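Novice: fold the stuff below for me.
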Amino acid sequence: MASTNDLKNGLVLKLEGGQLWSVVEFQHVKPGKGPAFVRTKLKNVLSGKTVDKTFNAGVKVETATVDKRDMQFSYMDGEYFVFMDMQTYDQLHIDKKVVGDAANFLVEGFEATVAQHEDEVLFVELPAAVELTIQETEPGVQGDRSTGGTKPAILETGHQINVPLFITTGEKIKVDTRTSDYLGRVNS
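Specialist: This next block holds a predicted model:
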């Protein structure tokens, strides 16, 4: 249990029937008249839905212990992604549904943050950007420049994104894992 005065970004609260909500932002408000309160923006850990919620100042809220660990993606086992804890070398099988869109950017050996609550995997979080190789894209034409348009390209993970016309098959690029946007070439 914690008081609303102890709220901080990233803290996970257990509200309304055991649902887990992460504090995205909060603001203590002390109006001229009436009691102080805390205005918060909360994000549902499982669904990603965000809501605004107001608490009276000093009210007790239940916190949840979320264990975040850096793990390395090892291999696919049917419908499961197998991650290895880098400290204990324990292997963890995570369902494809839990991995979600992160699957579009996972290559063997990549590290990710795995969040667990009471031995249940909540989500897999990747770095903001990853480096991947272009597996297939149409060749560029003489005169294509960075200010031109884009073309589809398939990454080594099988995920398709749009890249500038001058990018060729086999090149290593940087990709934003939140938006699937091309961020630039990787100089090797």
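
Novice: show me where pLDDT drops low in the chain?
Specialist: Applying pLDDT under 70 to the chain flags the ranges 140-148, 188.

Novice: in it, which spans are helices?
Specialist: With helices called from DSSP state H, the chain shows them at 96-99.

Novice: which residue lies farthest from the center of it?
Specialist: The C-alpha centroid of the chain is most remote from K33, which lies 41.0 Å away (C-alpha atoms, centre = their mean).

Novice: so how far is G58 from that residue?
Specialist: Going from K33 to G58 by C-beta to C-beta, to the nearest Å gives 18 Å. For the C-beta atoms, the positions are set from N, CA and C on the backbone; glycine is no exception.

Novice: phi, psi of the residue farthest from the centre of the chain?
Specialist: Dihedral angles of K33 (phi, psi; degrees, to the nearest 10) stand at phi -120, psi 150.

Novice: please tell me how far it sits from M71.
Specialist: Going from K33 to M71 by C-beta to C-beta gives 51 Å.

Novice: next: L155.
Specialist: On the measure of C-beta to C-beta, L155 and M71 end up 21 Å apart.

Novice: equivalent analysis for L13, please.
Specialist: Applying C-beta to C-beta, the value for L13 to M71 is 25 Å.

Novice: who are the contact partners of the residue nearest to E136 when sequence neighbours are not counted?
Specialist: Distances taken as C-beta to C-beta, 6 or more residues apart in numbering place I154 nearest to E136, at 4.5 Å, with adjacent residues excluded. Listed by C-beta atoms under 8 Å, 6 or more residues apart in numbering, the contact partners of I154 are I134, Q135, E136, T137, Q160.

Novice: partner residues bridging I154?
Specialist: On the basis of DSSP bridges, I154 is bridged to E136, Q160.

Novice: give me the nearest residue to L126, chain neighbours excluded.
Specialist: Excluding its sequence neighbours, the residue lying closest to L126 (C-beta to C-beta, 6+ apart) is T177, at 4.4 Å.

Novice: ok, A129 touching R178?
Specialist: No - at 9.1 Å, A129 does not count as touching R178 under the criterion of C-beta atoms under 8 Å.
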